[in-house]
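Undergrad: only geometry, no sequence info:
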DNA sequence: TTAATGAGTGAGTGGTCACTCATTTTAAAA
DNA sequence: TTTTAAAATGAGTGACCACTCACTCATTAA
């Protein structure tokens, strides 16, 4: 289901913060306010006094822990990129799950719903990451080198099995993954641009139809 | 060919400026310098004194025609969005061109090469537009409502003919276009992320193979 | 009870920036 | 040549912003 509940980065982020006992309540408020404001207005458009006001804190308090505004951004995004995001990546190599993907359609449906729900549930956080990464090739490389292998590895197992069962074309894994993610990404962009029609279910069925046709041997 | 020459937005932009006789040379220099600097450093990071210096003009001159920096940004991007970009959209409804797309593969190859070349040749200008649109839903809607119909209309003619000739699946135009653009977009993202392998030609062939398989009846 | 610690404070600082305006330059009209 | 209107100038201005620092105060150790 597209509308199913999905783990929100924000929740993991907060749990992560509460688990860290060296972070005071005010510092936690600062990190949460930063994440919110960066997502709402963008990093540049957010002033440190904005953050202090939203966190209910003096501006100096912001600078007690974080030497610069940029360091604050890193402090907000680093845990998301290192702990939170990977732990949210669906574990397709999980044996139990692998059983369920007895057909190509079932597998594609699962991935589609999972990824769409994940992105929709975490739009704001993803936006902040994209903003940081957009004009910085080095950071782009860092992020992608952390995420890409996980994605490929997660999917490799299922793809192999589907191929053995004669349910999947004999294309290289890279190409299959790129095809799936391109179609899902295209749909998400369409949604972000408000081009999606009223009937989400119908569009979902169409996209899945395209993918099934494309990836059937 | 991916490496073929492609019209650059910048060139059309300059031609557009020279055609407008009510724009003084200094005002033209200001618009050109703005586009360059916005693309190089981003809008926020570009100061009006930067623009004046680059244009070889006093800062007051910048404000003679444009009352705010934001108005200057609009003045730079408006012609690109209204005149330049549409005139650069490949005219697939052109009769001569339609003759050439006698096969689905020929059509897809043409679109792929055209769009990839266009984006690569105009990365900087596209970046400026994306930057403006990223945190502003209204502007996003404005831009998309100007661009989307053109794209759909341009392609509708060829798609109809291909379908009549039995060369294209009987899916709705929207879905076909979304599929094509998703795969091309995916490849561009892959390139932007430095994930593309050394062999561009091979990847191009693979993507086209996927699209041909997907869109053949 | 006193001393030490460190999180928190907020007025302050230097610097930058978007924007203004009194003045000068330019060039076309008279 | 003189007049005139528009274009251009650039020093100036107030607002804002990232960041600092001298100080407060609650908590904990001695």
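TA: Done, it's in. Keep in mind the model is a prediction, meaning the values are calculated, not measured. Numbers count the residues shown, from 1 in each chain, chains lettered A, B, ... in the order given.

Undergrad: helix or strand right after the lowest-mean-pLDDT helix or strand in chain A?
TA: Every helix and strand of chain A was ranked by mean pLDDT, DSSP states H and E. The lowest is helix A:95-100, at a mean of 59. Later in the chain than helix A:95-100, the nearest helix or strand by DSSP states H and E is helix A:104-121.

Undergrad: Break chain A down into its structural domains.
TA: Listed domain ranges for chain A are A:1-88, A:91-217 (source: automatic domain parsing).

Undergrad: Residue B:191 is nearest to which of those domains?
TA: domain A:91-217 (11.4 Å; Cβ to Cβ). Backbone N, C-alpha and C define where each C-beta goes, glycine included.

Undergrad: how about that closest one, does it reach chain B?
TA: Yes. Domain A:91-217 reaches chain B (Cβ under 8 Å from any Cβ of the partner chain) through A:127, A:131, A:134-135, A:137, A:140-141, A:144, A:148, A:171, A:175, A:178-179, A:181-183, A:185-187, A:189-190, A:193-195, A:206, A:210, A:213-214.

Undergrad: could you say what helices and strands the helix ranked longest in chain A packs with?
TA: Looking across chain A with DSSP state H, the single longest helix is helix A:137-164. Where contact means 3 or more Cβ pairs under 8 Å, 6 or more residues apart in numbering or on different chains; DSSP states H and E, helix A:137-164 is packed against helix A:85-88, helix A:95-100, helix A:104-121, helix A:123-134, helix A:173-192.

Undergrad: And that helix, what's buried?
TA: A:139-140, A:143-144, A:151, A:154-155, A:157-159, A:161-163 (16 or more other Cβ atoms under 10 Å in any protein chain shown).

Undergrad: Ok, stretch A:109-121 next?
TA: Buried-residue list, stretch A:109-121, by 16+ other Cβ under 10 Å: A:109, A:110, A:111, A:112, A:113, A:114, A:115, A:116, A:117, A:118, A:119, A:121.

Undergrad: Could you do stretch A:46-60 as well?
TA: Neighbour counts over stretch A:46-60 (16+ other Cβ under 10 Å) mark A:46, A:48, A:50, A:51, A:52, A:54, A:55, A:57 as buried.

Undergrad: which bits of chain A sit near DNA strand C?
TA: Contact residues of chain A with respect to DNA strand C, defined by Cβ under 7 Å from any atom of the strand, are listed as A:24, A:25, A:26, A:27, A:57, A:58, A:59, A:60, A:61, A:63, A:64, A:65.

Undergrad: Just these: which are in strands?
TA: Among the residues of chain A next to DNA strand C, no member falls in strands (criterion: DSSP state E).

Undergrad: These: which ones sit near DNA strand D?
TA: Within those, those near DNA strand D by Cβ under 7 Å from any atom of the strand are A:59, A:60, A:63.

Undergrad: Next, the nearest residue to the first one once chain neighbours are set aside: secondary structure please.
TA: Distance criterion Cβ to Cβ, 6 or more residues apart in numbering or on different chains; nearest residue to residue A:59, sequence neighbours excluded, is residue A:52 at 4.3 Å. Classification of residue A:52 into helix, strand or coil gives helix, according to DSSP: H, G, I helix; E, B strand; the rest coil.

Undergrad: which residues touch residue A:52?
TA: By Cβ atoms under 8 Å, 6 or more residues apart in numbering or on different chains, the contact set of residue A:52 is A:30, A:58, A:59, A:61, A:62.

Undergrad: likewise residue A:75?
TA: The neighbourhood of residue A:75, defined by Cβ under 8 Å, 6+ apart, consists of A:31, A:65, A:66.

Undergrad: Looking at those residues, state which has the most neighbours.
TA: residue A:31 (23 neighbours; other Cβ atoms under 10 Å in any protein chain shown).

Undergrad: Skip the chain neighbours and tell me the closest residue to that one.
TA: Distances taken as Cβ to Cβ, 6+ apart place residue A:76 nearest to residue A:31, at 5.6 Å, with adjacent residues excluded.

Undergrad: That neighbour touches residue A:38, doesn't it?
TA: Yes. Using Cβ atoms under 8 Å, residue A:76 makes contact with residue A:38 at a distance of 7.0 Å.

Undergrad: what is in contact with the two at once?
TA: What both residue A:76 and residue A:38 touch, as defined by Cβ under 8 Å, 6+ apart, is the set residue A:128.

Undergrad: circling back to that earlier point, weakest of the helices and strands packed on helix A:137-164 by average pLDDT?
TA: Of all the helices and strands packed on helix A:137-164, the minimum mean pLDDT falls on helix A:95-100 (a mean of 59).

Undergrad: What sits closest to residue A:37 if chain neighbours are left out?
TA: Of all residues beyond its chain neighbours, the one nearest residue A:37 is residue A:46 (4.4 Å), with distances taken as Cβ to Cβ, 6+ apart.

Undergrad: Quick one: mean pLDDT over the longest helix of chain A.
TA: Mean pLDDT, helix A:137-164: 89.

Undergrad: what do you get for stretch A:71-80?
TA: For stretch A:71-80, mean pLDDT rounds to 92.

Undergrad: So which bits of that stretch are buried?
TA: For stretch A:71-80, a neighbour-count test (16+ other Cβ under 10 Å) marks A:72, A:73, A:75, A:76, A:77, A:79, A:80 as buried.

Undergrad: Repeat that for stretch A:188-197.
TA: Across stretch A:188-197, burial judged by 16+ other Cβ under 10 Å covers A:188, A:190, A:191, A:192, A:193.

Undergrad: Please enumerate residues in contact with that stretch?
TA: Contact with stretch A:188-197 is made by A:116, A:119, A:120, A:187, A:203, B:137, B:140, B:141, B:144, B:148, B:178, B:185, as judged by Cβ under 8 Å, 6+ apart.

Undergrad: What about DNA strand D: which of these touch it?
TA: Among the contacts of stretch A:188-197, not one lies near DNA strand D by Cβ under 7 Å from any atom of the strand.

Undergrad: could I get those residues as JSON lines with distance to residue A:15?
TA: Shown next, in JSON lines, are these (distance: Cβ to Cβ, whole Å):
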{"residue": "A:116", "distance to residue A:15": "24"}
{"residue": "A:119", "distance to residue A:15": "21"}
{"residue": "A:120", "distance to residue A:15": "21"}
{"residue": "A:187", "distance to residue A:15": "30"}
{"residue": "A:203", "distance to residue A:15": "34"}
{"residue": "B:137", "distance to residue A:15": "30"}
{"residue": "B:140", "distance to residue A:15": "33"}
{"residue": "B:141", "distance to residue A:15": "36"}
{"residue": "B:144", "distance to residue A:15": "37"}
{"residue": "B:148", "distance to residue A:15": "41"}
{"residue": "B:178", "distance to residue A:15": "37"}
{"residue": "B:185", "distance to residue A:15": "34"}
